[in-house]
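**Student:** Could you look at this predicted model? Sequence included:
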Amino acid sequence: MSARTSPVHPQMSQFAVQDGELMIGGIALSRLAARVGQTPFYAYDRHLLTRRVSELRAALPPP
């Protein structure tokens, strides 16, 4: 049998880290998990989504 290894994820540079904790929309990930009440869950930063959609629209040809 082979030993299991942990998955390697790409660095998430779009999110800040404060006191060693990932921040999503300025809120600590542990605080979001407490609000949701269970894990796993998805957390999105509305500001980042809005910015990425704007970048996409700017790159596309005009309608």
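**Tutor:** Good, I have the coordinates. Residues are numbered from 1 along each chain as shown.
**Student:** List the contacts of the longest helix anywhere in the chain.
**Tutor:** With residue count as the measure and DSSP state H as the assignment, the chain has helix 46-59 as its longest helix. Helix 46-59 has contacts (Cβ atoms under 8 Å, 6 or more residues apart in numbering) with 14, 25. For every residue, glycine as well, the C-beta is placed using N, CA and C.
**Student:** Convert the C-alpha atoms of it to PDB, please.
**Tutor:** Written as PDB, here are the backbone C-alpha positions of helix 46-59 (Å, rounded to 0.1, in the frame of the first residue of the first chain):
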ATOM      1  CA  ARG A  46     -18.400  39.800  -3.500                       C
ATOM      2  CA  HIS A  47     -15.800  42.500  -4.200                       C
ATOM      3  CA  LEU A  48     -13.500  40.000  -5.900                       C
ATOM      4  CA  LEU A  49     -16.300  38.500  -8.000                       C
ATOM      5  CA  THR A  50     -17.400  42.000  -9.100                       C
ATOM      6  CA  ARG A  51     -13.900  42.900 -10.100                       C
ATOM      7  CA  ARG A  52     -13.300  39.600 -12.000                       C
ATOM      8  CA  VAL A  53     -16.600  40.100 -13.900                       C
ATOM      9  CA  SER A  54     -15.600  43.600 -14.800                       C
ATOM     10  CA  GLU A  55     -12.200  42.400 -16.000                       C
ATOM     11  CA  LEU A  56     -13.900  39.700 -18.200                       C
ATOM     12  CA  ARG A  57     -16.300  42.200 -19.700                       C
ATOM     13  CA  ALA A  58     -13.500  44.500 -20.500                       C
ATOM     14  CA  ALA A  59     -11.700  41.700 -22.300                       C
END
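**Student:** And the average pLDDT for stretch 26-38 is what?
**Tutor:** Within the predicted structure, the mean pLDDT of stretch 26-38 is 94.
**Student:** Show me what counts as buried in it.
**Tutor:** Of the residues in stretch 26-38, those buried under the neighbour-count criterion (16 or more other Cβ atoms under 10 Å) are 29, 32.
**Student:** just how off-centre is it within its chain?
**Tutor:** From the chain centre to the centre of stretch 26-38 is a distance of 13 Å (Cα atoms, centre = their mean, to the nearest Å).
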